[in-house]
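1. no sequence for this one, just the structure:
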């Protein structure tokens, strides 16, 4: 029995090792491909000018392609967000794992989970509406959309990851370590910081190491949202083409199937930006009709859910229906450049596996409405 268990563990270990090697190999191949593809352009621009050029202006009469501002912005933004977010997240994780009363810890964990579920687009919106004006007024600047605002927003965004991973690492520390420290006369807090924290350092380091991958990506999304025309061929390309599609639709649209922007202009038009194509083909009138249908769907789902016979059914039905309504609003705000692009699909329109989950959600809402109607009768 023990031998079979060891064999099974060895097979599983080999499978995961193989999958890891395949992943690493794919990343290396992608890196090599990007380097080979970029060599002609870098050779023409010059490696020094490309890496250390202070200006990126691809639309100028004499284009300049210096990526130094992007590199420095990513480095400074990452460092600032880590400097603000890591101490707060680490202290919170220590408090939750070691010192907090169970009820208080449960409440804080729930709040952290809610923070983790908030889309980055919402963080960006709150930052632009609340934080940017506050920084402008506090420091008497012409514009508060600066690196400090991005650092604060990103520091808040990374808190759930730091707290969850660090708390898990701290809870994995053997109790014997802490008991031995306390037996030798160390205080509880001294034990937590000098023994538990030291023993969990590898897990905490993993949480911190993974964060720089998020920061430059999120900063790029925020900067392209603030001014998509600053990089029309890069980060702002999809948003600009979406606005062109909406504008060319007019009131009545170009006709079903007659969109021009969906042909190699709007990237992946069948996914997140499909509503821009719909507006181009059906016009403002068709778009308003679709929004009216969504509004009726949400209203009807909530009213039916309120008639459910139990509290769980009411909350479940309202939550599922509201999620669809919120997703519609966020998608439309993204394609009209009111919010940063965050990859939120349009329910029942966008292509992909999310359609299966939406149909399952509607099935649950219909089941809730059916039991509500039976109770009513």
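-> Perfect, I can see it now. All figures in this text were calculated on a predicted structure; none of them were measured in a lab. Residues are numbered from 1 along each chain as shown.

2. burial count for residue 156?
-> 19 (other CB atoms under 10 Å). C-beta here means a position set from N, CA and C on the backbone, and glycine is covered the same way.

3. likewise for residue 182?
-> Neighbours around residue 182, by other CB under 10 Å: 14.

4. can you tell me which residues contact it?
-> 188, 191 (CB atoms under 8 Å, 6 or more residues apart in numbering).

5. now do it against residue 163, distance only.
-> 25 Å (CB to CB, to the nearest Å).

6. swap in residue 271?
-> Per CB to CB, residue 271 is found 32 Å from residue 163.

7. test my guess that residue 57 contacts residue 63.
-> Yes: here residue 57 reaches residue 63: they are 6.4 Å apart, a contact under CB atoms under 8 Å.

8. just the buried positions in stretch 40-50, please.
-> For stretch 40-50, burial by neighbour count (16 or more other CB atoms under 10 Å) applies to 45, 49, 50.

9. mind showing which ranges of the stretch 1-150 of the chain have poor pLDDT?
-> 1, 121 (pLDDT under 70).

10. show me where it has strands.
-> Applying DSSP state E, counting those that start in this stretch to the stretch 1-150 of the chain gives strands spanning 56-57, 64-65.

11. mean confidence score for stretch 200-220?
-> For stretch 200-220, mean pLDDT is 68.

12. so how far is residue 305 from the residue nearest to residue 109 when sequence neighbours are not counted?
-> Leaving aside its sequence neighbours, residue 109 sits nearest to residue 96 (CB to CB, 6 or more residues apart in numbering; 6.6 Å). Note on residue 96: its distance to residue 305, by CB to CB, is 34 Å.

13. one more: residue 298?
-> Taken as CB to CB, the span from residue 298 to residue 305 is 11 Å.

14. show me which of the two is the more surrounded one.
-> residue 305 (22 against 19).

15. check what pLDDT the spatially closest residue to the more buried one that is not a sequence neighbour gets.
-> With CB to CB, 6+ apart as the measure, residue 317 is the residue that lies nearest to residue 305, at 2.7 Å, once sequence neighbours are left out. Looking at residue 317, its pLDDT reads 86.

16. the chain should start at 533 in everything you say after this.
-> Let's use 533 as the start, then, which means that last one is residue 849.

17. the one helix or strand residue 849 maps to packs against which elements?
-> Using DSSP states H and E, the element containing residue 849 is helix 843-867. Where contact means 3 or more CB pairs under 8 Å, 6 or more residues apart in numbering; DSSP states H and E, helix 843-867 is packed against helix 652-658, helix 769-781, helix 806-838, helix 886-908.

18. residue 668: what's it in contact with?
-> Taking CB under 8 Å, 6+ apart, we find residue 668 in contact with 674, 675, 676.

19. centroid residue for the chain?
-> Most central in the chain under CA atoms, centre = their mean is residue 652, positioned 4.5 Å from the mean C-alpha point.

20. isn't that one right next to residue 689, touching?
-> Yes: counting by CB under 8 Å, residue 689 is a contact partner of residue 652 at 6.2 Å.

21. what about residue 897, distance to residue 889?
-> In this view, residue 897 and residue 889 are 13 Å apart by CB to CB.

22. which of the two has more residues huddled nearby?
-> Legend: neighbour count by other CB under 10 Å for residue 897 and residue 889, higher for residue 897 (24 against 11).

23. and residue 727, how far is that from residue 710?
-> For residue 727, the distance to residue 710 - CB to CB - is 6 Å.

24. oh, that last question was meant for residue 803, not what I typed.
-> 50 Å.

25. just residue 539 next, same as before
-> Distance, residue 539 to residue 710, using CB to CB: 36 Å.

26. same deal with residue 721?
-> Relative to residue 710, and taking CB to CB, residue 721 is found at 12 Å.

27. who's more crowded, these two?
-> residue 710 (18 against 11).

28. quick one: residue 880 and residue 886 touch, right?
-> No: using CB under 8 Å, residue 880 is not in contact with residue 886, being 9.6 Å away.

29. per-residue pLDDT of residue 759, please?
-> Confidence score, pLDDT, at residue 759: 67.

30. contacts only, for the closest residue to residue 780 other than its chain neighbours.
-> In space, and not counting its chain neighbours, residue 780 is closest to residue 812: 5.6 Å by CB to CB, 6+ apart. By CB under 8 Å, 6+ apart, the residues touching residue 812 are 777, 778, 780, 781, 785, 786, 791, 792, 793, 794.

31. again, but for residue 553
-> Residue 553 neighbours (CB under 8 Å, 6+ apart): none.

32. cool, residue 604 as well?
-> By CB under 8 Å, 6+ apart, residue 604 has no neighbours at all.

33. and if we set it to 10 Å?
-> Residue 604 sits next to 586, 679 when contact means CB atoms under 10 Å, 6 or more residues apart in numbering.

34. against residue 590, how distant is it?
-> Here residue 604 is placed at a distance of 19 Å from residue 590 (CB to CB).

35. re earlier: who wins for most neighbours among the contacts of residue 812?
-> residue 777 (26 neighbours).

36. still on that earlier bit, can you redo the contacts of residue 812 as JSON lines with pLDDT and distance to residue 856?
-> Listed next are the contacts of residue 812 as JSON lines, based on pLDDT from 0 to 100; distance: CB to CB, whole Å:
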{"residue": "777", "pLDDT": "81", "distance to residue 856": "24"}
{"residue": "778", "pLDDT": "82", "distance to residue 856": "22"}
{"residue": "780", "pLDDT": "82", "distance to residue 856": "28"}
{"residue": "781", "pLDDT": "81", "distance to residue 856": "24"}
{"residue": "785", "pLDDT": "82", "distance to residue 856": "24"}
{"residue": "786", "pLDDT": "84", "distance to residue 856": "28"}
{"residue": "791", "pLDDT": "82", "distance to residue 856": "25"}
{"residue": "792", "pLDDT": "80", "distance to residue 856": "30"}
{"residue": "793", "pLDDT": "79", "distance to residue 856": "26"}
{"residue": "794", "pLDDT": "79", "distance to residue 856": "24"}
